[in-house]
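**Student:** build me a structure from this.
(one chain, ligands or ions: 1)
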Amino acid sequence: MAKKKRPGRRKHIPQRTCVGCRTVQPKRQMVRIVRSPEGVRVDETGKAAGRGAYLCRRRSCWETALKRRALDHALRTTLTDAERKMLRAYAQELPQELPGEEEEEHSTRSAEQVEQEA
Ligand SMILES: [Zn+2]
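**Tutor:** As a prediction, this is how the structure comes out:
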């Protein structure tokens, strides 16, 4: 017995919480940070062994996470200065906002669509 199939269920998309903005995002849109035996680093493959934390591909999330020491908490470690510097440098390469949001500036979007959640 056991296998219960749920009809009509959508394809499973793994999701993770960003340690910067705390929103849940599809994992593939995020960057994984891993605490490996050699230290904390960006895990481009998302498959490296070790405790991991996820961040959006958005600079502000990285800055927030570094500022709040959210990464330290998530990884249960204390980032060294070199690690923080490395992560900050990586963040510099990221867009300020999530890609795809502002691709078409002249698209017809209503003013109500301003990001606001009550
Ligand atoms: Zn985020």
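
**Student:** how about the residues of the chain near the ion?
**Tutor:** Contact residues, the chain versus the ion (CB under 5 Å from the ion): 18, 20-21, 56, 61. The C-beta positions use only the backbone N, C-alpha and C, and glycine is treated the same way.

**Student:** swap in 8 Å and give it another go.
**Tutor:** Selection of the chain residues close to the ion by CB under 8 Å from the ion yields 18-23, 25, 30, 55-56, 58, 60-61, 64.

**Student:** what's the burial count for residue 44?
**Tutor:** Other residues lying near residue 44 total 10 when counted by other CB atoms under 10 Å.

**Student:** could you pull up the residues touching it?
**Tutor:** For residue 44, the contact set (CB atoms under 8 Å, 6 or more residues apart in numbering) comprises residue 31.

**Student:** so residue 54 is in contact with residue 16, correct?
**Tutor:** Yes - look at residue 54 against residue 16 with CB atoms under 8 Å: they come within range, at 4.0 Å.

**Student:** who touches both of these two?
**Tutor:** Residues touching both residue 54 and residue 16 (CB under 8 Å, 6+ apart) are 25, 27, 30.

**Student:** give me the helices and strands touching whichever helix or strand residue 86 is part of, please.
**Tutor:** Following DSSP states H and E, one finds residue 86 within helix 81-92. Using 3 or more CB pairs under 8 Å, 6 or more residues apart in numbering; DSSP states H and E, the elements in contact with helix 81-92 are strand 39-43, helix 59-67.

**Student:** neighbours of residue 34, how many?
**Tutor:** So residue 34, with other CB under 10 Å, has 20 neighbours.

**Student:** low-scoring pLDDT stretches of this structure, where are they?
**Tutor:** 1-8, 98-118 (pLDDT under 70).
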